[in-house]
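build me a model:
(one chain, ligands or ions: 2)
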Amino acid sequence: MSELNLILLGPPGAGKGTQAEQLRTEFELPHISTGDMLRQAVAEQTELGELASSYMDAGNLVPDDVIIGLLLQAIGRSDARDGFLLDGFPRTIPQAEALGVDLEKVGRKLTGVLLIEAPDEEIVRRISGRRVNPKSGQIYHVDFDPPKVEGIDDVDGSELVQREDDKPETVRNRLAVYHEQTAPLADYYEHLGLLHRFDGSPAPAEVYSRIRGTIATLKLEETI
Ligand code: ADP
Ligand code: ADP
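Ligands and ions are numbered 1, 2, ... in the order given. Prediction:
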């Protein structure tokens with residue numbers, strides 16, 4: 001079995017989306033971001049979007065039963081048959097359990113959980129400067145990774161925006177929610193022998209090279 005079934009775990013702003021962009025290109029994995037899926041639903045004003053937006057704007061998690069169905073559907077699609085890269089899911093123990101049960105049912109298993117860690121003050125700096133292309137999802141930072149022309153995407157010329165939930169008042173609640181509901185997943189996956197920790201403080205390329213090294217080892221172990 002050479003499936004690469006990976007989870008990116010970590011606080012908001014740690015760099016999960018940034019790392020995912022490189023990982024999906026190099027390892028040809030579908031990048032399944034529940035945050036991106038929800039933001040798309042909000043933009044399209046679907047029923048799901050209407051339901052999710054009040055939770056998201058307040059920096060709270062959308063209910064487990066809403067997100068679990070959405071995610072399981074995504075990993076069941078054909079492009080995720082040979083592997084996937086989950087970003088932003090699971091965020092609670094019940095979500096992790098639902099994922100485990102679903103994978104076991106179809107004879108699949110997780111390859112590894114990549115935890116990217118960063119201190120709260122660094123996270124606040126990163127999130128307050130984050131700008132995104134609402135169409136492509138491309139991520140920038142006003143100081144750490146600025147576009148060539150201020151406020152404009154390098155690739156398609158779209159105007160970059162600040163996410164509604166990246167405003168300072170909401171960020172504090174998102175961090176509290178992370179520590180309370182999501183951080184326990186590190187222990188959960190550690191017990192399952194799946195956790196790999198990465199210091200998210202260095203520059204993105206340095207973080208990436210360490211993650212890449214771990215994935216190379218995991219791939220090797222799969223083939224033995
Ligand atoms: P970040 O990467 O900055 O942590 P995301 O884009 O992953 O943020 O998520 C944005 C928001 O979408 C969350 O604050 C939450 O409201 C909602 N969300 C995303 N994924 C989940 C999930 N797995 N469970 C519950 N809510 C989620
Ligand atoms: P997450 O998906 O975990 O919420 P992002 O990948 O969107 O995090 O990164 C949050 C912000 O921090 C973005 O503006 C991004 O450009 C910036 N960033 C990501 N990784 C680093 C890093 N290693 N050093 C400095 N800034 C970073």
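
can you tell me the centre-most residue of this protein?
Centroid-nearest residue in the chain, with Cα atoms, centre = their mean: residue 87, separated by 2.3 Å.

that one contacts residue 10, doesn't it?
No: assessed by Cβ atoms under 8 Å, residue 87 is found out of contact with residue 10, at 9.5 Å. (C-beta placed from N, C-alpha, C; glycine too.)

mind listing the shared neighbours of the two?
Residues touching both residue 87 and residue 10 (Cβ atoms under 8 Å, 6 or more residues apart in numbering): residue 16.

what helix or strand is residue 39 on?
helix 34-43 (DSSP states H and E).

oh sorry, the question was meant for residue 107
Per DSSP H and E: residue 107 is located in neither a helix nor a strand.

for residue 191, grab phi and psi.
Dihedral angles of residue 191 (phi, psi; degrees, to the nearest 10) stand at phi -60, psi -30.

distance of it from residue 26?
Per Cβ to Cβ, to the nearest Å, residue 191 is found 29 Å from residue 26.

same thing with residue 19?
Following Cβ to Cβ, the distance that separates residue 19 from residue 26 is 11 Å.

contact residues of this structure facing ligand 1?
Residues of the chain found near ligand 1 (Cβ under 6 Å from any ligand atom) are 12-13, 16-17, 34-35, 38, 55-56, 59-62, 67, 88-89, 91, 95, 165, 174.
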